[in-house]
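> coordinates for the following, if possible.
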Amino acid sequence: MSRGPFLCLVERFVYNHISGKLVQARDRSNFGIFEQIMTDRNNYLRGVALCLVLLSLAMSSASAQDGWRITHPAEVKGKDLNSVYFLDSKRGWVGGDEGLVLITTDAGQHWSVQSVGGGSAVNDIFFRDKENGFLLTGNRIFQSRDSGETWREAHVFDQSRFGGVPELYSVRFTGKNKGWIVGSISKGDTVVDSLVLRTEDGGASWRRTTAPTHGELIHLDFVNDHRGWIVGADGTVLATTDDGETWFIQRSGTRSDLYHVDFKNENRGWAVGQKGTILRTVDGGGTWMQALVPFRNTLLSIQFVDEKRGWLVGRGGLIMRSEDGGITWVQQSTGTTQHLYSLFVENKNAWVVGGDGSVLQFAR
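Below you'll find the predicted structure:
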């Protein structure tokens, strides 16, 4: 920010005032005028200092307006929020504990409850187009055909089908027909197998495909009908080049659990997880490189708006931003220490949700 016309005007006025006094002092040899000059000089310095303080406050105010704003919708009542999705800058959803779903149509100024029931936390929300949305909670898929105005239970997967209790974590579609879901199968508190589901009819039916791991699979992303990636427990990264019909293991170089993956195209992608793990690739996952960061927070979500600019979020209220494709990261002030679980970014706005009903919005 420049010094601005106000500060320049103050400087010119005081300078002219003092210059006039100096002429008077020279012509009249009046010592009293010199005393007045010194007084004016001190007042001038005080004025400049005050202007600098006001300028600093103005810059801080502008910075605060161009940053993260946190709210706690009253409808949440202390529940954690785990997922967020926006169709545009105004219309979006957040999902949380006990099947809680909230919708906004005015960029988060007001929220309305759309609970889907079932008692399980909402793990993911995704729209394949403006009308058709999918929501995962426990072992259930809910679907909307009216731009998220209403949700209906579309599928329930019971343990008799899988030999254990399924948990659905992440869903993605690349068009009208093709979609995928990943998760896990458990017996008691123990994960006994991975779960990958695939649809070719827009979610009307789902069939299980084989994965080359029995560990927990947590998140997936596709860039087109053919290329996709999955991340999960113990540093697992899986990739497909044939519509998710078969999957193969990529070497991530870490044993930390990975919670989120994001690809911008067939080459550039990122993944985050435990112990401050940030991975990036520029060759479709053929090699994964780890960013060096001075913290060990568990990182839970990452998203890039293009090949250079991206954000990540994690435990302890952590939000970081990169401007160089994920090589380096800068921490941003959030005003909260709540764990932050999910991130959604579009052109001019970003949304983050987390513990105790936290909703953060970034507007540029």
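
> what's the domain layout of the chain?
Residue ranges for the domains of the chain, per automatic domain parsing: 4-65, 70-363.

> tell me the most buried of those?
Highest mean neighbour count of the domains of the chain: domain 70-363, a mean of 19 (counted as mean count of other CB atoms under 10 Å). Yep, even glycine has a C-beta here, placed from its N, CA and C like the rest.

> end-to-end on that one?
For domain 70-363, the first and last residues are 12 Å from each other (CA to CA, to the nearest Å).

> what about it, average pLDDT?
For domain 70-363, the mean pLDDT works out to 96.

> enumerate every residue touching the nearest residue to His72 once chain neighbours are set aside.
Among residues not flanking His72 along the chain, Gly357 sits closest, at 4.8 Å (CB to CB, 6 or more residues apart in numbering). By CB atoms under 8 Å, 6 or more residues apart in numbering, the contact list for Gly357 reads His72, Pro73, Val76, Lys77, Gly78, Lys79, Asp80, Leu81, Gly96.

> so how far is Gly119 from the fifth one?
Taking CB to CB, to the nearest Å as the measure, Gly78 falls 17 Å from Gly119.

> can you check Asn132 too?
Asn132 sits 25 Å away from Gly119, going by CB to CB.

> could you pull up phi and psi at Gly78?
Here is the backbone geometry of Gly78 (degrees, to the nearest 10): phi 80, psi 0.

> nearest spatial neighbour of it, skipping sequence neighbours?
Gly78 sits nearest to Asp356 (CB to CB, 6+ apart), 5.7 Å away.

> thought that neighbour was touching Lys77?
No - between Asp356 and Lys77 there is no contact under CB atoms under 8 Å: 9.7 Å.

> so how far is stretch 254-271 off the chain centroid?
14 Å (CA atoms, centre = their mean, to the nearest Å).

> end-to-end on it?
The first and final residues of stretch 254-271 sit 11 Å from each other (CA to CA).

> stretch 337-348 too?
Per CA to CA, stretch 337-348 runs 25 Å from first to last residue.

> swap in stretch 274-289?
From its first residue to its last, stretch 274-289 covers 15 Å (CA to CA).

> before we move on, what about stretch 233-247?
Stretch 233-247 has an end-to-end distance of 16 Å (CA to CA).

> what's next to that stretch, contact-wise?
With contacts defined as CB under 8 Å, 6+ apart, stretch 233-247 is touched by 178, 180, 191, 196, 198, 209-213, 215-218, 222, 225-232, 248-258, 261, 271, 273, 284-285, 288.

> with stretch 303-313 instead?
Contact partners of stretch 303-313, identified using CB under 8 Å, 6+ apart, comprise 262, 264-265, 268, 270, 272, 278, 299-302, 318-326, 329, 340-347, 350, 352, 354.

> in helices, which of these appear?
With DSSP state H as the criterion, helices contain none of these.

> wait, what's in contact with Gly215?
Going by CB under 8 Å, 6+ apart, Gly215 touches Ser184, Val191, Ser194, Gly232, Ala233, Asp234, Thr236.

> that's a helix at it, yeah?
No - under DSSP: H, G, I helix; E, B strand; the rest coil, Gly215 sits outside any helix and is assigned coil.

> name the nearest residue to it, sequence neighbours excluded.
In space, Gly215 is closest to Ala233, 4.2 Å off (CB to CB, 6+ apart).

> now swap in Gln159 and tell me
Computed as CB to CB, 6+ apart, the closest residue to Gln159 that is not its neighbour in sequence is Val165, at 5.0 Å.

> pretty sure the one you found sits against Ser120.
No - between Val165 and Ser120 there is no contact under CB under 8 Å: 10.7 Å.

> name the residues contacting each of these two.
In the contact map built from CB under 8 Å, 6+ apart, the residues linked to both Val165 and Ser120 are Asn139.

> ok, back up a step: now do the residue nearest to His72 against Lys77, distance only.
Distance from Gly357 to Lys77, by CB to CB: 7 Å.

> and Thr334, by the same measure?
Going from Thr334 to Lys77 by CB to CB gives 22 Å.

> circling back to that earlier point, can I get the contacts of Gly215 in TSV including distance to His110 and secondary structure?
Compiled in TSV, these are given as follows (distance: CB to CB, whole Å; DSSP: H, G, I helix; E, B strand; the rest coil):
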residue	distance to His110	secondary structure
Ser184	36	strand
Val191	39	strand
Ser194	40	strand
Gly232	37	strand
Ala233	39	helix
Asp234	42	helix
Thr236	40	coil
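
> with distance to Ala154 added, can I get these in a markdown table?
Formatted as a markdown table, the contacts of Gly215 follow (distance: CB to CB, whole Å):
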| residue | distance to Ala154 |
| --- | --- |
| Ser184 | 20 |
| Val191 | 25 |
| Ser194 | 22 |
| Gly232 | 24 |
| Ala233 | 27 |
| Asp234 | 31 |
| Thr236 | 28 |
